[in-house]
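[1] Sequence and predicted structure below; questions after.
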Amino acid sequence: MEACVGVGFPTPALAQSRTPQRSQQRLLKVFISVDMEGLAGVVSGSDVGGTTGDYQYFRKLMAQEASAAVAGAWSAGATEVVVRDSHGAKQNILPGDLDPRAKLLRGASTGPKNMMEGIDSTFSAVVFIGYHARAGTPNAILAHTSNGNVVDFSINGRSLPEGGYNALVAGLYGVPVVFVAGDGAVVRQLRELLGNVDGVAVKEAIGGAINGMSPAAAHEAIRLGVERAVRARAGYRPYALTVPYAMVLKVAKDGKTFDGASSSAKGEYTFTSPDLLAVLSAFNALK
């Protein structure tokens, strides 16, 4: 039986021994947003939530893939790493399961940043782990956008997956997305939007099944890929769209309201603002 090993963590003493030397270096902060549907091995809804199925197993793998990304960022010279638990209620990663060199931002937040809560201009690079393709994407695993009610979400005519609008949030602060791990569909989708972003496809869809890496292989590929991407961060540009931001949201079931939004057709809302966070507030209210 293959041993499923995660990323080895340094002992607290070793981590502390590096602190004085690192404090003299220029700050390099890396923000890691971690979802679940794109983790290695995940294939069904019961893998990523609820009290049945393999959720408890996969929440451990979520922490391990996040820790692999932390290790890669640290090897690339990071002086601080923040991991944002971005799935569901944002209470999936158990603090003791994460590489202790990282800070963990855990729990739901009320602001529009959501999966990007905590991002600001002090960061130098953003990494997405466990991400998935947008709603309606063929040949994708558990493809959706935010929740099961969203049919499509676009800004300025561009249909966006979660990684797309999260990249826009990072771009508000001048921070580029440098790496994505998930199924092959989301890696291809984000490269279409962001350019040749580095990434690892840990699995590919075959009908409703997957063909993918073992956890150990995924961890190593993520660690090496994040290290490579963070080292090359100067070659990536923050994602941005032209102001104002014109949102079109299509939903399966409508009936919600938001000040300033209009319903252009059944199941379709529009909202325009020069403020991206206002657009995302409208999206969160209407979805």
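    Received, thanks.
[2] Hmm, residue 143 and residue 136 touching each other?
    Yes. When contacts are counted by CB atoms under 8 Å, residue 136 is listed as touching residue 143 (6.8 Å). (Each C-beta comes from the backbone N, C-alpha and C, glycine too.)
[3] neighbour-wise, which of these two wins?
    residue 143 (20 against 14; other CB atoms under 10 Å).
[4] Next secondary structure element downstream of the longest helix along the chain?
    Counting residues, the longest helix found in the chain (DSSP state H) is helix 55-75. If you walk from helix 55-75 toward the C-terminus, the next helix or strand you reach (DSSP states H and E) is strand 80-85.
[5] What strands line up against the following helix or strand past that following strand, and which way round?
    Tracing the chain past strand 80-85, the next element assigned as helix or strand by DSSP H and E is strand 102-105. Here strand 102-105 is paired, per DSSP bridges, with strand 80-85 (parallel).
[6] just how off-centre is the partner strand within its chain?
    In this view, strand 80-85 has its centroid 11 Å away from the chain centroid, taken as CA atoms, centre = their mean, to the nearest Å.
[7] Ok, stretch 190-205 next?
    Counting by CA atoms, centre = their mean, stretch 190-205 is centred 12 Å from the centre of its parent chain.
[8] Also stretch 234-243?
    Using CA atoms, centre = their mean, the mean C-alpha position of stretch 234-243 is found 17 Å from that of the whole chain.
[9] Averaged pLDDT, that stretch. What do you get?
    Per-residue confidence for stretch 234-243 averages out to 98 on the pLDDT scale.
[10] So for stretch 156-166, first residue to last residue, what's the gap.
    End-to-end distance of stretch 156-166 (CA to CA, to the nearest Å): 15 Å.
[11] Relative to the helix or strand where residue 269 lies, what are the paired strands and their orientations?
    Applying DSSP H and E as the criterion places residue 269 in strand 268-273. Each strand that pairs with strand 268-273, with its direction, by DSSP bridges: strand 245-251 (antiparallel), strand 262-265 (antiparallel).
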